[in-house]
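[1] Here is my input; please provide its structure:
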Amino acid sequence: MKKYFRAAAILLVQLAALPAFAAPAIATPVCDILPSATIAALIGMPVVGKEASTGMFSEACVFTTAAAKQGPSMFIIEQYTKPLPAGAEKDMVMTTPSSQVIPVAGLGDEAWMNSYTSELLVRRGSAVHKIIARAVECEKLADETYNEQDVRCTAKRVGILKQTAAAILAR
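    A predicted model of the protein is given here:
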């Protein structure tokens, strides 16, 4: 029995030694961070609706576009309402077996992106935002191979993600 009390006491001491993380200051509701017109200009498609949702650790605003050739698409801005330990940002970006998360210089204090999943996460101070650009329209050009289209469309999505993060940080 003493062994269990000792283990519990050690655990409590270790937990007390963890740094306290301040919750990010959320002054603007997530759907008011950028207006629909700004999102439409960034993605080059009209925004027909937006909807806020609240999760356990974040709030998100889902902007929807009209159905295009690929169908309706979503553009999401998420802001974390719970503190993230420094360095955890990279782990908050979705990965796949064939993709990697890379650092992005020049955005906030720290930024990470996965161009394959079209996600970018940026931190400035305690404020953390994730931008997700799913199904942004990018049609195949007549004389373009699939690989050429993939490179061009990925560059387009990356540009949109970076411009959106810059617009959020500029407010």
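
[2] Spell out the secondary structure type for Glu144.
    At Glu144 the chain is in coil, as set by DSSP: H, G, I helix; E, B strand; the rest coil.

[3] If we ignore the residues flanking it in sequence, what's nearest it?
    Among residues not flanking Glu144 along the chain, Arg152 sits closest, at 7.4 Å (C-beta to C-beta, 6 or more residues apart in numbering). Using the backbone N, CA and C atoms, a C-beta is placed for each residue, glycine as well.

[4] Report the contact partners of that neighbour.
    Contacts for Arg152 (C-beta atoms under 8 Å, 6 or more residues apart in numbering) come out as 138, 141, 144.

[5] Drop anything exposed from those residues.
    Cys138 (16 or more other C-beta atoms under 10 Å).

[6] what helix or strand is Gly87 on?
    Under the criterion DSSP states H and E, no helix or strand holds Gly87.

[7] The helix or strand containing the residue nearest to Glu144: which residues count as buried?
    According to DSSP H and E, Arg152 maps onto helix 146-170. Residues 153, 156-158, 160-162, 164-165, 167-168 are the ones in helix 146-170 that count as buried (16+ other C-beta under 10 Å).

[8] Got phi/psi on Ala142?
    Main-chain torsions, Ala142, degrees, to the nearest 10: phi -50, psi -50.

[9] Check what pLDDT it gets.
    Looking at Ala142, its pLDDT is 84.

[10] how much space between it and Ile102?
    32 Å (C-beta to C-beta, to the nearest Å).

[11] So which of the two has more stuff around it?
    Neighbours per residue (other C-beta atoms under 10 Å) separate Ala142 from Ile102, with Ile102 holding more: 12 against 5.

[12] and the more buried one, bridged to which residues?
    Beta bridges link Ile102 to Met113, judged by DSSP bridges.

[13] which residues touch it?
    112-115 are the contacts of Ile102 under C-beta under 8 Å, 6+ apart.

[14] which one of these has the most neighbours?
    Met113 (25 neighbours).
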